[in-house]
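**Q** After the sequence you'll find the predicted model.
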Amino acid sequence: MQERKVYFNGEYVSEQEARVSIFDCALMFGDMVFDMTRTYRQKPFRLREHLERIYAGLKYLEINCGMSLEEMERATLQTLELNLPAVDGADVQIMHNISRGPLPMYKTVFGGALRPTVTINCWPFWWHLAGNAPLYRSGVNAVITAQRSVPAYLIDPKVKNRSRMFYQMANLLAQKANPPGWPLLTDDQGLITEGSGWNFFIVRKGRVLTPPGRNILLGITRGAVLELLAKLAIPTSEEDFGMYEVVNADEAFCTATSFAVMPCTRINGQPIGSGQPGELTRKLIAAWSEMVKVDIIAQADAYAEKVKEMELAAAAAR
Ligand SMILES: Cc1ncc(COP(=O)(O)O)c(C=O)c1O
């Protein structure tokens, strides 16, 4: 198979060669913007929206990445095209990582010339989706963590940035919970915000509720799901709710670029509704699969098989 290539400041290099300086603002401050777009049938899904979110974040952080959105789009599509022969037909993540570049006080290391760091990589989705495959059937246990969301007046989560220590703390806590699960964060009043890499929805009496866009990342999948629900004539509302509403919901689900829609069947180990993926959630997964022309559950199952095969082959080669 051909080698994957990374877009790195205007050049295409191998993944091993794509190295960010230890003096980069990304490493020094987590001062950067990133985004993950995915492909379905190897075509990017809502790339423009992801790029618009990147550029909104860059504007907020006053980072000039030196490329227009159109130039970034062209570089993205070229990176994808270069990598498709190297992923054996798989769908991929398209990851943008963009920082202000090295800190000015270290400029002598760079011959006095500083520039932003712009990278784009394509990574096959095998591993991401393999781990999620069984969860489409069992649903996720959401764990409300002691680690809360950082409020937007401190770090605005609408900027998809790498200052993610609080999400990581929430991950660690949720892994240690009994039973373990995916962390669901709350704000300083105990209202639900989002997961550490996903948005959250509940269903009550046929209505779908999701937290308003105040203290969350405005997920592209969240937006697409709200549109899809409107097409299915299912009423939705962006409103505040807490643990009480989640425990007493009929269904719940999570959304993110990688897995699209994932049933959430328990909260802190307590069943939500029947404790099984709900009817509306299953309908939504089917509608999503129809929209993107990929059966997302079958794809996750196929990728789980592929990962098993790769692990067996690696073990045999040792
Ligand atoms: C904190 C957070 N919330 C929500 C999401 C979901 O956003 P999207 O649907 O655009 O992937 C992500 C995605 O990584 C995230 O990091």
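**A** Sure thing, it's come through.
**Q** got the residues of the stretch 1-150 of the chain near the ligand?
**A** Contact residues (C-beta under 6 Å from any ligand atom) of the stretch 1-150 of the chain with the ligand: Met36. All C-beta atoms are positioned from the backbone trio N, CA, C, and that covers glycine.
**Q** can you pull out the strands in the stretch 1-150 of the chain?
**A** Under the criterion DSSP state E, counting those that start in this stretch, strands of the stretch 1-150 of the chain are mapped to 5-8, 11-14, 32-40, 43-44, 92-99, 117-124, 140-144.
**Q** Tell me the helices and strands packed up against the fifth one.
**A** So that's strand 92-99. Under the contact criterion of 3 or more C-beta pairs under 8 Å, 6 or more residues apart in numbering; DSSP states H and E, strand 92-99 touches helix 25-29, strand 32-40, helix 47-60, helix 69-83, strand 117-124.
**Q** Determine which stretch of the strands of the stretch 1-150 of the chain is the most buried.
**A** Here the criterion is mean neighbour count by mean count of other C-beta atoms under 10 Å, and of the strands of the stretch 1-150 of the chain the winner is strand 140-144, at a mean of 24.
**Q** follow-up on the earlier one: dump the helices and strands packed on strand 92-99 to CSV, plus mean pLDDT.
**A** Shown next, in CSV, are the helices and strands packed on strand 92-99 (pLDDT from 0 to 100):
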stretch, mean pLDDT
helix 25-29, 96
strand 32-40, 98
helix 47-60, 98
helix 69-83, 98
strand 117-124, 98
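**Q** With distance to Ala302 added, can I get those in JSON lines?
**A** Putting the helices and strands packed on strand 92-99 into JSON lines (distance: least, C-beta to C-beta, whole Å) gives the following:
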{"stretch": "helix 25-29", "distance to Ala302": "34"}
{"stretch": "strand 32-40", "distance to Ala302": "14"}
{"stretch": "helix 47-60", "distance to Ala302": "24"}
{"stretch": "helix 69-83", "distance to Ala302": "20"}
{"stretch": "strand 117-124", "distance to Ala302": "12"}
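**Q** Which stretch among these approaches Gly278 most closely?
**A** Of all those, strand 32-40 sits nearest to Gly278, with 23.9 Å by C-beta to C-beta.
**Q** ok, Thr37 - contacts?
**A** Contact analysis of Thr37 by C-beta atoms under 8 Å, 6 or more residues apart in numbering lists Pro44, Phe45, Arg46, Leu47, His50, Thr76, Gln93, Ile94, His96, Ile220, Thr257.
**Q** Can you pull the phi/psi pair for the second one?
**A** With angles defined as degrees, to the nearest 10, Phe45 sits at phi -100, psi 120.
**Q** ok, for it, nearest residue in space, not its chain neighbours?
**A** Using C-beta to C-beta, 6 or more residues apart in numbering and skipping residues adjacent in sequence, the residue nearest Phe45 is Arg38, 5.7 Å away.
**Q** so who does that neighbour touch?
**A** Neighbour list for Arg38: Pro44, Phe45, Asp91, Val92, Gln93, Ile94, Phe125, Thr257, Ser258 [criterion: C-beta under 8 Å, 6+ apart].
**Q** do that again at 7 Å, thanks
**A** Listed by C-beta atoms under 7 Å, 6 or more residues apart in numbering, the contact partners of Arg38 are Phe45, Asp91, Gln93, Phe125, Thr257, Ser258.
**Q** Please name the bridge partners of Val143.
**A** Pro183 (DSSP bridges).
**Q** Quick check, it in contact with Asn268.
**A** Yes. Using C-beta atoms under 7 Å, Val143 is in contact with Asn268, at 6.0 Å.
**Q** Just the closest residue of the stretch 1-150 of the chain to the ligand, please.
**A** Met36 (6.0 Å; C-beta to the nearest ligand atom).
**Q** Roughly how far does that residue sit from Trp123?
**A** 9 Å (C-beta to C-beta, to the nearest Å).
**Q** Mind listing the shared neighbours of these two?
**A** Contacts common to Met36 and Trp123, judged by C-beta under 7 Å, 6+ apart, are Gln93, Met95.
**Q** Tell me, how many residues neighbour Ala298?
**A** 12 (other C-beta atoms under 10 Å).
**Q** Counting neighbours, what do you get for Thr255?
**A** 25.
**Q** can you pull the contacts of the residue lying closest to it once chain neighbours are set aside?
**A** Closest residue in space to Thr255, ignoring its immediate chain neighbours: Thr221 at 4.1 Å, by C-beta to C-beta, 6+ apart. Each residue near Thr221 by C-beta under 7 Å, 6+ apart is listed here: Thr255, Ala256, Thr257, Ala260.
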